[in-house]
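> Below: sequence and its predicted model.
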Amino acid sequence: MKGWILFSVVVGISQLVCGYSVPPPLNYVNVYIGTGGEGYGIGSMFPGATTPFGMVRLSPDTTGADGIFITFDHYGGYYYNDYYVRLFSHTHMVGSGVLDYGTIGVMPIAAQPTGQIISDFGFKDKFNHEYENAFPGYYSVLLLTSEIFVELTATTHVGIHRYTFTKPNSPINVLFPVSYTLTPDACTKSSVFINLTQNANEVSGWVMNEGSLSNRFGGVMTYFVALFPQNFKTFGVWNDGKVFNNERVANGTNIGAFVGFGNVGSSGNVTIEFKVGISFISVDQARVNLYAEAPGSVNFDTVLKQTQQSWVNLLSLVEVDPATTSQDNLVKFYSALYHTYQAPTTFSEVGGYYLGFDSKVHVVNESHLYYTDMSIWDDFRTEYPWLALTQPLVMTDIVRSLLLMYQQGGDLPRWPLANGYTGCMIGEHADIVIADAYFKGLTNFDVQLAYKAVRQSATTQQVHASRVDIQDWINLGYISYEKDGHAVCDTLSYSVDDWAVGNLAQALGYLNDSALFLNRSKNYRNVWNEQEQFFCPRDSNGKWECPLVKINVWDERYVEGDAWHYRWYVLHDTPGLVDLFGGKDNFITQLTEFLQLSEDDPLNVLPNPYYWAGNEEDILAPYQFVYGDRPDLTQKYVRYLIDNKFTTEPSGLPGNSDYGCMDAWLVFSMLGFYPLPGDPSGTYIIGSPLVGNATIHIPPQSATSQTNDLQIIAYNQGVENVYVEKVTLDGKILPTPFVTHSQLLSASKFEFWMTNAPPAQNL
């Protein structure tokens, strides 16, 4: 009862939570989807406040009973099943399966700082979801022990905090645990300074974070400036568990600062509002970012309104008619759409400044932005094709950013984080990202430089993110098992990479190069064991190393998967894969078995040894039925996956979002078409739409083009009607289960006729 009273008081005084109207389509976004789950079904998303592609992702970092912190549950900082808030940090990964960022933490407390409080998260506070609320651009929670109501919103580079202290006669203090990093003990140095000048009440500082990825290139410095409109009544710092009142400076690896504003008083409800600018360049740049994006006249509500409107504008690029689509599917769709626009990260700051891969500060033209944090192994498949279609300027700047990384670091990255090469995962899939953008008409970048970069990655042993062994690739036509334990996956990956490079070479007129790379794109055949009918490692003498058990998801010969997952990993040449199976009949039989057997394990707790909806290596598989002339099976299984592997619960993603990849899979699939990235025709595969009537407002793809409104209509849409009888584009029947990017850019109406049984004649 006490909690209800407190919550009612907070809401009544600040006119928040229920007082905020959430306009469509934001009212369909459930920011908690992907924040829960178990085991390998954890989505690793965060529910906090951010802008589209924002540098600031201001969100609670939580922990479980008795403060137990299980890293596997907390890659996004927040885990829905937790009971405690540790603090609110300003930087986060976006649904990635690795622990990094989680820097510049802040926490309000209704007590005086002591050694016990500032040690081992003694300031953590209880919460539950009954007193928590969030929508795009906003997060709030009632901290139950201290009775502090926390609200958060953000601009691209600034976090805005509003804390309402409700406990009568309690102290008002704000902590800055500067050495905090989400990765335990990842801080190698940090500094904090309390500035008490007449015109500024600031806390500023920095932390060096060597997280699970950032430690691969020496760590990332994050700087901040926190600006308060109120004068500090008390202040101090701490170092290694000791509190120093009235001190203003601390340096070390276990430091922090606090500022106080007296007591609440007997009537309760004192509100503190402040702003935190962050930077990856310097404290001065953090201050510039703060004053540019949230100057003195701008308060919490003003920022919230602006950020909310930016999300409304972006999510309204796809308008789904609620009269034709169920509430659950609207929530699935718009929540996934929201996730696709959270990444990558805007790394350029006010003035166009950014920290480059040479660790120097550069300036990008302010008509462009510089991006980083690219989970390319995942996102080349769905996320970047989605951005190419609906955010062409962003996608163009992603390519331009990759080329700047190449110029300043020497090589194209595989998984860039902040200003460094992580080398995470395998392949050279930046080649596909660049080629796909070019083939979709996004050419406002140095195309010749781009070709030089992708050609280098395909032919040269690089310092960063290199292919395992270029000479093996050239001489053997595959990567040998002695050179790399993941050799079979390397070979499959480089085959699709060379296909993209070869297609780009052909488009640019480099015909000799094109012939070379397109020939190498067939190298996947060299690791196909005809007897086993699986892709297997081989040594340099040609000896096979096929696994005896094909469904061992822990088999280290396959990257995050097993032999069944990689059996379909010919992303660029499924017709060639069909031939390896001896024809369409056997291909369809085996692919059907793969999907059917996956249904035996409906949970996402462990990797499914057959189709694994929660990871990326096999997510094209349901769409590959079309190459065996069975689009009806694509429609059947895509609809099954949408209905059974994606929900509106916190566990609603089948695995990590991986910077929007899984969400973009869902968005494309619910709209009824799916990309084949790197294809020179910009091909999409027809699926089974789950929206009844939707319009995509496709932005101009170039300076000379215009917005195109593409209406998607699914007639006879229903739970049982999963099959597609026919498809028309502007009234013309599509003769095959494919449509191209250029066709979608010029069409006005994309119509599907749905039915409850496979049609007698497939598309």
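That came through, no problem.

> Tell me where the stretch 451-600 of the chain has strands.
According to DSSP state E, counting those that start in this stretch, the stretch 451-600 of the chain carries its strands in the segments 528-529, 534-535.

> Could you single out the most deeply buried of those strands?
Greatest average neighbour count among the strands of the stretch 451-600 of the chain goes to strand 534-535 (a mean of 22), per mean count of other CB atoms under 10 Å. Just so you know, the C-beta spots here come from the backbone N, C-alpha and C atoms, and that holds for glycine as well.

> For that one, what does the pLDDT average out to?
Averaged across strand 534-535, pLDDT comes to 98.

> and if you look at stretch 102-111?
Stretch 102-111 shows a mean pLDDT of 98 in the predicted model.

> still on that earlier bit, format the strands of the stretch 451-600 of the chain as a markdown table; extra columns: distance to Tyr101.
As requested, these are exported to a markdown table (distance: least, CB to CB, whole Å):
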| stretch | distance to Tyr101 |
| --- | --- |
| strand 528-529 | 40 |
| strand 534-535 | 35 |
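
> who wins for proximity to Ile68 among those?
Comparing the strands of the stretch 451-600 of the chain by their distance to Ile68 (CB to CB), the top pick is strand 534-535, with 40.9 Å.

> contact partners of the closest one?
Under the contact criterion CB atoms under 8 Å, 6 or more residues apart in numbering, strand 534-535 has outside partners 488, 491-492, 524, 527-529, 546, 550, 563-564, 566-567, 569.

> partners of it, with directions?
Strand 534-535 has its sheet partners listed here by DSSP bridges as strand 528-529 (antiparallel).

> chain center to the strand it pairs with, what's the gap?
Between the mean C-alpha point of strand 528-529 and the mean C-alpha point of its chain there is a distance of 34 Å (CA atoms, centre = their mean, to the nearest Å).

> for stretch 566-581, same thing?
Taking CA atoms, centre = their mean, one finds the center of stretch 566-581 at 28 Å from the center of the full chain.

> From the chain's centroid, how far away is stretch 635-642?
On CA atoms, centre = their mean, the centre of stretch 635-642 falls 23 Å from the chain's centre.

> Now do that stretch, average pLDDT.
Confidence over stretch 635-642, taken as the mean pLDDT, stands at 98.

> if we can go back for a sec, wait, which of the contacts of strand 534-535 is closest to Lys645?
Each of the contacts of strand 534-535 was checked against Lys645 using CB to CB; the closest is Trp564, at 17.2 Å.

> wouldn't that closest one be in contact with Tyr610 here?
Yes - the criterion here is CB atoms under 8 Å, and Trp564 meets it with Tyr610 at 5.7 Å.

> okay, the two: which has more neighbours?
Neighbour count, other CB atoms under 10 Å: between Trp564 and Tyr610, Trp564 has more, with 25 against 21.

> so what's the more buried one scoring on pLDDT?
At Trp564, the pLDDT value in this model is 98.

> on that earlier part again, and the contacts of strand 534-535, which are buried?
With burial judged by 16 or more other CB atoms under 10 Å, the buried subset of the contacts of strand 534-535 is 488, 491-492, 524, 527-529, 546, 550, 563-564, 566-567, 569.

> Among these, which ones are in helices?
When helices are assigned by DSSP state H, the members of the buried ones among the contacts of strand 534-535 inside them are Val488, Thr491, Leu492.

> so who does the first one touch?
Spelled out, that is Val488. If a contact means CB under 8 Å, 6+ apart, then Val488 has Tyr478, Ile479, Tyr481, Val527, Phe535, Cys536, Pro537, Arg538, Arg557, Tyr558, Tyr566 as its contacts.

> All the helices of the stretch 151-300 of the chain, residue numbers only.
Listed from the start of the chain, the stretch 151-300 of the chain has helices (DSSP state H, counting those that start in this stretch) covering 283-293, 300-315.

> could I get those as CSV with mean pLDDT?
Conversion of those to CSV gives the following (pLDDT from 0 to 100):
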stretch, mean pLDDT
helix 283-293, 98
helix 300-315, 98
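
> Take the ones you listed and write them to JSON lines, including distance to Gly54 and mean neighbour count.
Putting the helices of the stretch 151-300 of the chain into JSON lines (distance: least, CB to CB, whole Å; neighbours: other CB atoms under 10 Å) gives the following:
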{"stretch": "helix 283-293", "distance to Gly54": "11", "mean neighbour count": "21"}
{"stretch": "helix 300-315", "distance to Gly54": "9", "mean neighbour count": "18"}
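
> Cool, thanks, signing off.
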